[in-house]
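Participant: Please work out how this folds:
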Amino acid sequence: MTTTALLSVPIPRRALLRGLGASAMGALGLAELSFAQEAGSAPGVTRLAAVWRDGPSAMAQDWAGVLEVLPQAGGGHAWRIAARTPLPTRGHGVQTLPDGQLVFAARRPGDWLLRWQPKTGALQWAWMQEDRCFNGHVALAGPAPQGAGSSGILFTTETDLEDSQGCIGLRDARSLAKLAEWRSHGMDPHELLVLPAALGGLPAGTLVVANGGIPTQSETGRSKKWLDSMDPSLVALHPADGRLLGQWKLPDPRLSIRHLAWDAARQRLGIALQAEHDDARRQSAPIFAVWDGQRLQLAQDQPPLAGYGGSVECAPLAQGGFVVSCPKSDCMAWFDAEARFLGASPQGDVCPLARDGARLWAGGGHGVAERTSRSSEQAVAALDAVTGLMFDNHWRLVG
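Facilitator: Sure thing, here's the model as predicted:
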């Protein structure tokens with residue numbers, strides 16, 4: 001088992017960490033103070049945990065932060081950046097904690113994990129040792145076992161860089177230290193989700209992991225090599241000991257299983273896919289599948305969408321269903337709970353999605369849009385001067 005090195009990181013990492021902390025508590029202190037004073041007091045305000053960068057340049061600054069979407073007196077909404085803290089590299093997924101803190105994971109192959117309290121600016125970093133990498137996602141398991149305190153357990157998706165096999169890290173939510181490690185029974189584990197209800201014979205609390213199936217090694221970084229050996233799968237793990245409860249695969253091994261969303265109305269898991277074909281099949285490949293706890297069903301009647309699903313969210317509809325963002329096709333694709341394609345909604349470069357009751361918030365084209373159905377769209381004005389901002393794949397509602 002490999003543990004996270006909290007006290008033995010290289011000197012350059014420590015220097016960077018000190019610099020980040022000073023910046024977050026100094027130059028950004030006013031934004032965090034504003035967030036703290038208003039948090040929980042303004043009715044109708046939606047808060048979204050997010051990561052973004054200042055522009056397309058490789059030298060652009062990366063940030064983690066909280067966006068606020070505020071109702072306006074004349075109707076509609078407007079958004080602003082309520083709090084932010086700089087990141088050393090691009091972030092990806094985020095998990096909220098019961099006390100209001102946020103845990104961000106570096107984009108794969110990543111080497112950092114960050115716990116941040118936006119109300120105070122307090123930061124806690126963890127750095128990965130060289131034979132592992134973070135794969136961009138983190139999920140809250142629930143209460144900690146005896147000996148881990150009362151902070152709870154976090155699951156993180158990771159890769160063993162020596163053999164390309166996937167790992168699930170079990171970490172103390174307060175210290176971020178690794179307590180144990182399970183195998184994910186596949187390569188390139190990406191998003192993971194704790195089932196909120198029993199499904200298909202699996203108990204509530206089961207850990208579901210999207211094994212993307214792309215081989216990753218230290219010398220390849222984000223370069224995708226040996227795609228002929230891709231082996232994506234969806235797996236169910238027992239939450240107490242990590243033993244394999246089930247594994248499901250799609251008929252096409254070039255469809256990487258990436259992102260997950262739970263439809264409580266229909267008791268289905270929606271899955272965003274990313275095609276890795278070397279030829280024209282990629283353009284028309286399905287970007288979505290649904291899982292009922294027993295089998296995977298690929299999208300039906302879907303038009304060509306460049307083979308890329310950026311994220312997936314439960315649709316804000318009474319009948320349930322899912323929305324998949326398609327940044328390479330400049331639209332959102334809507335599916336019912338049986339994976340039937342319902343239609344698309346245009347939005348340039350759209351990727352992060354977050355459902356808030358009967359509303360769906362979507363980020364793209366440097367801004368925010370609000371939807372209540374496939375055909376309804378309302379642009380959300382920015383309260384601050386924001387130019388060139390590029391959102392990463394995911395948002396998470398902040399209570």
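Participant: what helix or strand is residue 282 on?
Facilitator: Here residue 282, judged by DSSP states H and E, is contained in helix 281-284.
Participant: ok, and what's touching that helix?
Facilitator: Identification of contacts with helix 281-284 by CB atoms under 8 Å, 6 or more residues apart in numbering yields 254, 275-276, 304, 306-307. For the C-beta atoms, the positions are set from N, CA and C on the backbone; glycine is no exception.
Participant: and the next element down the chain from that helix?
Facilitator: According to DSSP H and E, the helix or strand after helix 281-284 is strand 288-291.
Participant: just checking, what packs against that next one?
Facilitator: Using 3 or more CB pairs under 8 Å, 6 or more residues apart in numbering; DSSP states H and E as the contact criterion, the secondary-structure elements in contact with strand 288-291 are strand 268-275, strand 296-298, strand 322-326, strand 331-335.
Participant: if we go to 10 Å?
Facilitator: Helices and strands in packing contact with strand 288-291 are listed as strand 233-237, strand 255-263, strand 268-275, strand 296-298, strand 322-326, strand 331-335; criterion 3 or more CB pairs under 10 Å, 6 or more residues apart in numbering; DSSP states H and E.
Participant: out of the ones you listed, deepest packed?
Facilitator: Most buried of the helices and strands packed on strand 288-291, by mean neighbour count (mean count of other CB atoms under 10 Å): strand 322-326, with a mean of 29.
Participant: where does the residue positioned nearest the centre of the chain fall, phi/psi-wise?
Facilitator: Taking CA atoms, centre = their mean, the centroid of the chain lies closest to residue 93, which sits 3.3 Å from it. Main-chain dihedrals, residue 93, degrees, to the nearest 10: phi -90, psi 160.
Participant: So for residue 161, which of the helices and strands packed on strand 288-291 sits nearest?
Facilitator: The closest approach between residue 161 and any of the helices and strands packed on strand 288-291, judged by CB to CB, belongs to strand 255-263 at 18.7 Å.
Participant: The closest one pairs with which strands?
Facilitator: If you go by DSSP bridges, strand 255-263 pairs up with strand 268-275 (antiparallel).
Participant: Just the C-alpha atoms of the strand it pairs with, please, in CSV.
Facilitator: The C-alpha coordinates for strand 268-275 follow below in CSV (Å, rounded to 0.1, in the frame of the first residue of the first chain):
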residue,chain,number,x,y,z
ARG,A,268,-30.9,4.5,-12.7
LEU,A,269,-27.3,5.4,-13.0
GLY,A,270,-26.4,7.6,-16.0
ILE,A,271,-22.9,7.3,-17.6
ALA,A,272,-21.1,9.7,-19.8
LEU,A,273,-18.8,8.0,-22.3
GLN,A,274,-15.8,9.2,-24.3
ALA,A,275,-14.9,7.4,-27.5
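Participant: distance of residue 51 from residue 166?
Facilitator: Taken as CB to CB, to the nearest Å, the spacing of residue 51 relative to residue 166 amounts to 22 Å.
Participant: sorry, that was for residue 100
Facilitator: 31 Å.
Participant: okay, now the residue nearest to residue 126 when sequence neighbours are not counted: neighbour count?
Facilitator: Taking CB to CB, 6 or more residues apart in numbering as the measure, residue 126 lies nearest to residue 176, with 3.7 Å between them; neighbours along the chain are not counted. The burial count assigned to residue 176 is 23, neighbours taken as other CB atoms under 10 Å.
Participant: which residues does residue 176 contact?
Facilitator: Residue 176 sits next to 4, 6, 103, 112-115, 124-127, 138, 151, 154, 156, 169 when contact means CB atoms under 10 Å, 6 or more residues apart in numbering.
Participant: Tell me, how many residues neighbour the closest residue to residue 268 other than its chain neighbours?
Facilitator: On the basis of CB to CB, 6+ apart, the spatially nearest residue to residue 268 that is not a chain neighbour turns out to be residue 337, at 4.7 Å. For residue 337, the neighbour count with other CB under 10 Å is 20.
Participant: isn't residue 337 right next to residue 320, touching?
Facilitator: Yes: shown here, residue 337 and residue 320 form a contact pair, counting by CB atoms under 10 Å, at 5.0 Å.
Participant: what do these two both touch?
Facilitator: 263, 265-268, 270, 314.
Participant: what's the closest of those to residue 241?
Facilitator: For residue 241, the nearest member of the shared contacts of residue 337 and residue 320 is residue 267. The distance, counting by CB to CB, is 25.2 Å.
Participant: quick one, phi psi at that closest one?
Facilitator: Backbone dihedrals for residue 267, given as degrees, to the nearest 10, come out at phi 50, psi 50.
Participant: Quick check: buried residues in the helix holding residue 282?
Facilitator: By 16 or more other CB atoms under 10 Å, the buried positions in helix 281-284 come out as residue 282.
Participant: swap in stretch 76-87?
Facilitator: By neighbour count on 16+ other CB under 10 Å, the buried set for stretch 76-87 is 77, 79-87.
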